[in-house]
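1. sequence and predicted structure, then a few things I'm wondering about:
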Amino acid sequence: MFNEIITESIRAVCEAFSMQTKVLYNSHTENATALRWCAVGVLSEYFSDLQLSEALPIGRKCINKIRNAYVRRFRRWSERQMLDEVRKIIVAVIGE
């Protein structure tokens, strides 16, 4: 059940930002990295590291690193706006 919610959340985020999920996970561009950190960071507020690592092609150590530092990473206004949009999308999918 958690896997479906997590993958649906990632799919919705990628669709909203016009990015393929493959690019989100594999690209090292600034936009893809920022969006990946936003999505995993917000999802880590709802799910454990183990649940996220089982549903996403990202290792548990990387998820832990993102969870611990994603709020401090976003200093620029544009990245904070991206974080807010991702949070809205994920909350809508989860149905909180």
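-> Received the coordinates, thanks. Numbers count the residues shown, from 1 in each chain.
2. which residues sit against stretch 58-75?
-> Applying C-beta atoms under 8 Å, 6 or more residues apart in numbering, the contact partners of stretch 58-75 are 25, 34, 36-38, 40-41, 44, 49-50, 52-53, 56, 79-80, 82-83. Quick note: C-beta positions are derived from backbone N, CA and C, even for glycine.
3. just the buried ones from those residues, in ChimeraX syntax?
-> Selecting only the buried entries of those in ChimeraX, with 16 or more other C-beta atoms under 10 Å as the criterion:
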select :34,36,37,38,40,41,44,49,52,53,56,79,82,83
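4. from the chain's centroid, how far away is the helix or strand of the chain with the lowest mean pLDDT?
-> Least confident helix or strand, the chain: helix 60-73 with a mean of 88, by mean pLDDT, DSSP states H and E. Relative to the centre of its chain, helix 60-73 is centred 11 Å away, using C-alpha atoms, centre = their mean, to the nearest Å.
5. C-terminal to it, what's the next element?
-> Once helix 60-73 ends, the next helix or strand along the chain (criterion: DSSP states H and E) is helix 77-94.
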